[in-house]
Each structure stands twice: as structure tokens, then as C-alpha cells.
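1. Output the structure for:
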Amino acid sequence: MKRPVQSLRTRIFAAAAATVVAMGASLAISSAASAANLIANPGLETGSLSPWSCSAGLGSVVTTPVHAGTRALQGSPSAGNHAQCSQTVTVLPNTAYVLSAWVRGGGGYVYLGYTGGTETWNPAAANAWTKLSLNLTTAAGQTSLTVNVHGWYGLSAYQADDFSLDGPGTPPSNPPTPTVAPSSPRPSASSSPSSSPPQPSPSGPTAPPGGKKLLGYFVNWGVYQRNYHVKNIATSASAGKLTHINYAFGNVTNGQCVIGDSYADYDRAYTAAESVDGVADTWDAGALRGSFNQLRKLKRQYPNIKVLWSFGGWTWSGGFTQAAQNPTAFANSCYNLVEDPRWADVFDGIDIDWEYPNACGLSCDSSGALAFRNVSQALRNRFGSSYLVTAAITADGTNGGKIDATDYNAAAQYLNWYNVMTYDYFGAFAAQGPTAPHSPLTSYSGIPTPGFYSDAAIQKLKSKGVPSAKLLLGIGFYGRGWTGVTQAGPGGTATGAAPGTYEAGIEDYKVLKNSCPTTGTVAGTAYAKCGSNWWSYDTPSTINGKMSYANSQGLGGGFFWELSGDTTNGELITAMRNGLG
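-> Sure thing, here's the model as predicted:
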């Protein structure tokens, strides 16, 4: 949701400003009421760029396409310049403003923001005008603000029109803009307000978010024994490659969304050395700490990233049965938690990881084939069309299996996409084997369970009517393994689970690549025999093949479980990014 304390979507602002006079000094406290548009030449109707200034001469005024009126601003990025156009305006200190503009083109990547603060971007349809909007509050003593818009390095030209900085102040003299219905307007998928002091972005561009989604899970328990923190996403060079992060997990209990781990989520104090921006957390009253604050800082530095809060998971899915009995109450509880004023600006959406509706996981559910649809609909109704609402779902491609137990097509209309969990098909939960790759892309001779492979799940979901673009292919950044194995290839017997750092039968890729290098491939994934241990896991090479498959199927991209399993230089996420293009 990426929300401020006052949600952008409500657009309800205080109607008046107050002046407090004491000890001979006055402090003006202004609301975000639309007192004036402080942007000069907001619709470029003068026919000139002035007072806009565009880097390297890459900006111009065009007569088509326009959002309203007869002209618009156009920026034409080059390989080394993102064609930023800026304007400095006079503002009042300690004052709330709303910055907005209509944008299109740019390969779907057009950014609106202000110097020294945050910015928002919105992947747009190629020919659709999209409104970007964010809230900001000026600092004490601040009297000027530089707003800017830009595209992305090497991508196509973008257009921007009808800029506005709404708030108290003296408006410039602007020519009137004719009222023209916008072309294919649609709500912004995200806004990027700043509800706390802005931090400067790092120098140099982050990697462009490609046309496909690349989502990674960040697990809140990783801050303990794994010692993996939000800062590691940046130091591994993964942040610039991601488009989305799923923060796992919030719990589901008593039919409600609730906090999963309050200490890890919002209370752990990070030192300057541990913090994303090198600034230590404080114990000031109301100060946000923990991973939530670190994610806030990460997003300031990498505006390409959107963060969703994921609820449920294998262990905490039992609460969904009660949630399905009153979907509206469940959705209200989730909204109230995600939009808590302490961290409302951190999250851009909600992800539901129900394992499994109308089927069995750690616990069994018998809510019926439409229960998942009802929960999805309630969440969409409560969060609205501009929020991301997604779900992680089964990849059981068997006849009469978990995909068949739930009407995923009926629910798809309410969700932005599905994370199809195309991993964990086989493992040492069958202690004696047979050994088999836990994430096969295709079937192979001797597969223990027909239909337990990625392509079977994807084809089944597509056959039920789920759009390809709403399916993300899952990759595990870990392996599953057995011990007591003598056979080199898959299909051997075992005596139990292979030793693992945190859990028997499971090990991170970053460990396995060195401790048990691959010795073969099968069904689009890799396996390794070392001593009496047998492991299966994906490598950069097999990931490249899987991303090629995702592209050939028209899928929306890929996702992975989870960030701490990768190497310190992000080998696997790099392979996913390169493979998706």
C-alpha cells in the first residue's frame, strides 16, 4: 500500500490551517488541502519547457500524446541518462503537500518525486495515462522544493502532463488548461508518500525493473540464527533486480490478520552499521524500528521495489478456515493491520499464503471450492483497486489434486497475480525415498508422482481460465536431500534426511554449491551426489532454463523462496533477472 498515516486513496485532508503564536514567534501548521497548485506551467500549455529544466537536453514539449489540453512534457532517455525534468517551487515550512502528475510511455517506467526525498513509479500499459501521486511534508525552515519526473535508462520516451503540487502558498500565473477527458485513465497501482524525514537516494541508477515481475520472500525469522537483514538485500546487489518483496509472515488466527513477530517486525533496534542507510534506530516515542523501518529505508533507496505483507504460510494457515466463515471481517482486520499508522507507508499490498483452501496442508480445510474466491473478493473490496492483492498457491498438477479442489479461476479476477509454488514436490518427508528433484520443471521417466512438476501445474491453471500473465513461476533458493543413498541418479532409496544447517533435509543454495556440487540434471533442474547424500536444487543454469520457460508461456515473471538462501553476491537472483529480461 505504500501509505502515509493519512491514506492517499482516501484523499481526505484537513480543511483548515492553524497559526500558533507564542513567545513572539509563529509556527504555521498547514493541512494538505488543495489551496493552490504551486507548479508553474503544469500542463506545458505555454508551448515552452520553462521553468522546467531537463537533463542533457532530453526534454521537449509535444502536442501528442497529451492527457488534457494541447501539450505535454516528453523525456527521451538515453543509455546513460534517464531524462529527468525538474522544477523548483516556493513552499512553506512544516507544511503538507500532495504532488501528482499524469504519465505514460517510458516502457511502463515513469517516476515522479522530489529531490532529497522519495519518488513513486507505476508500470503502466504502453498507451495508458496513469496518475502518480505522493504526500510530503516540508521540513522546518524549508522554503523551496524541487520536483522531478524521469524515465529509465535506455527505455522509450515518456510523457508527463497536468502536474500539481497542492497545498498552501502563492500559485504562479498559469495559462488555463482546457478540460479534455483523459485517454484511458486508470488508478495508480502505487503511491509513494513520505511520512518520515526523507533520505537521499544512493548515487547512480539502480538496475531497471524489467518488464517481468521478480519477487523474493524476506522471512522475519531470518534476522535471528540466519543473521540475514534487510540491508543484505542491498549489499548483495539484489535490491536493484527485484520488483517486489513479500514479507513473511503475518499470522492468521481467530479469523484475523495479526502480527507474526513483533520484535523482528517493528521493535528490534538496528545499529548504524546494520542499518540500510547507516543511521541507527532510536528509542524515541513512536519511532519505528525493526525490519519494517529497514524496509522503509530500502524503498527510499530503491523505488523500483514494492513490498507486500504475506499472511499464513505452512505453519499459520490453520486460521484461514475461520477467516473464510466471515471474509469481510477478515479483510477488515487485515486492512487495519497493514494500514497501521506506524508502518502504513511500508507496504504496497497484501499476499495470502493459504496452504491449502478446501484441501490439506499442515491442517485440513473443508470450506468449499469457492471459499478462496470469497476471501479474495473481500480483500479486494476492502483494499480497493489500487492496492496489490496476491496469493501464493499450490502447484499440484495431479488430477483431482489441490488445484482442482479450489476455483482459482473464479478468484483470479480479484487478485493481481498468483505465486505458484512450483517446488517442494519431493523431499525427505518421504524418508526412504525414492530420491527425486524437489522442483522439476517437466515430467521425466520414473517421476514418483505423475503431475508433480511445474509445467503440469501451469497448464492446469491456464486450462481453468487463469490468465498466463497472472502466474509467476516459483524457484527455491535451497535444496532438499536424503542420506544413505547409493544411486547417483534420481530414483534411489535412502535411510533418512540429509543433515542441514537449520533443518534436516533442507540446505541453502549458498552452502550446497560448495559442499555438494551438482553431478547431473533432470527435468530442467539439477541434482548432486556427494558421499551418501543426494540433493536436488536449482543453479544459475537451470534457472535460466526455467525463466525461458516462463517467458515462452507468457507468464508474469518469477518469484523465489527466499532471499537468505542466495550467495552474498546474489548469483540466483541475477540468473532470474537475466533470464526474465
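2. Can you list the buried residues in stretch 377-385?
-> Of the residues in stretch 377-385, 377-380, 382-383 count as buried by neighbour count, 16 or more other CB atoms under 10 Å. C-betas here are computed from N, CA, C, even on glycine.
3. Export those as TSV, with columns for pLDDT.
-> As requested, the buried residues of stretch 377-385 are exported to TSV (pLDDT from 0 to 100):
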residue	pLDDT
377	98
378	98
379	98
380	97
382	97
383	96
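4. ranges for the helices of the stretch 151-300 of the chain?
-> In the stretch 151-300 of the chain, the helices defined using DSSP state H, counting those that start in this stretch lie at 230-235, 262, 290-301.
5. So which of the ones you listed is nearest residue 524?
-> Ranking the helices of the stretch 151-300 of the chain by proximity to residue 524 (CB to CB) places helix 230-235 first, at 27.3 Å.
6. Convert that closest one to PDB, retaining C-alpha atoms only.
-> Taking Å, rounded to 0.1, in the frame of the first residue of the first chain, the C-alpha atoms of helix 230-235 are listed here in PDB:
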ATOM      1  CA  VAL A 230      17.100  -6.000   5.000                       C
ATOM      2  CA  LYS A 231      20.500  -4.400   4.500                       C
ATOM      3  CA  ASN A 232      21.700  -7.700   3.000                       C
ATOM      4  CA  ILE A 233      19.200  -7.200   0.100                       C
ATOM      5  CA  ALA A 234      21.200  -4.100  -0.800                       C
ATOM      6  CA  THR A 235      24.700  -5.300  -0.100                       C
END
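7. and residue 512, that's in a helix?
-> Yes - with DSSP: H, G, I helix; E, B strand; the rest coil as the criterion, residue 512 is part of a helix.
8. which residues does the nearest residue to it once chain neighbours are set aside contact?
-> The shortest distance from residue 512 to any non-neighbouring residue, by CB to CB, 6 or more residues apart in numbering, is to residue 479 (4.9 Å). By CB atoms under 8 Å, 6 or more residues apart in numbering, residue 479 lies in contact with 438, 506-509, 512, 516, 528, 535-537.
9. returning to what we had before: which of the buried residues of stretch 377-385 fall within helices?
-> 377-380, 382-383 (DSSP state H).
10. Go through the helix or strand hosting residue 61 and flag the buried ones.
-> Using DSSP states H and E, the element containing residue 61 is strand 59-62. When neighbours are counted by 16+ other CB under 10 Å, the buried residues of strand 59-62 are found to be 59-61.
11. Closest one of the residues you listed to residue 309?
-> Closest to residue 309, out of all of these and judged by CB to CB, is residue 59, at 37.9 Å.
12. wait, doesn't that closest one sit right on residue 72?
-> No - with contacts counted by CB atoms under 8 Å, residue 59 stays clear of residue 72, the gap being 11.0 Å.
13. What pLDDT is listed against residue 405?
-> With respect to pLDDT, residue 405 scores 98.
14. correct me, but it touches residue 358?
-> Yes - in this structure residue 405 lies within contact range of residue 358 using CB under 8 Å: 4.5 Å.
15. Which neighbours do the two have in common?
-> residue 369.
16. And the residue nearest in space to the middle of the chain, how far from residue 236?
-> Centrality entry for the chain: nearest residue to the mean C-alpha point is residue 244, 2.4 Å, by CA atoms, centre = their mean. In this view, residue 244 and residue 236 are 17 Å apart by CB to CB, to the nearest Å.
17. Provide the secondary structure category for residue 404.
-> When classified by three-state DSSP, residue 404 comes out as helix.
18. dump the residue contacts of it.
-> Taking CB under 8 Å, 6+ apart as the test, what residue 404 contacts is residue 460.
19. Listing request: residues of the stretch 401-550 of the chain with sub-threshold pLDDT.
-> For the stretch 401-550 of the chain, no stretch has pLDDT under 70.
20. quick one, helices of it?
-> Using DSSP H, counting those that start in this stretch, helices in the stretch 401-550 of the chain cover 402-405, 408-412, 454-463, 509-515, 540-552.
21. Let me have those helices in TSV, extended by distance to residue 78.
-> Formatted as TSV, the helices of the stretch 401-550 of the chain follow (distance: least, CB to CB, whole Å):
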stretch	distance to residue 78
helix 402-405	46
helix 408-412	39
helix 454-463	38
helix 509-515	37
helix 540-552	27
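22. Spatially nearest residue to residue 571 (excluding sequence neighbours)?
-> Distances taken as CB to CB, 6+ apart place residue 540 nearest to residue 571, at 5.6 Å, with adjacent residues excluded.
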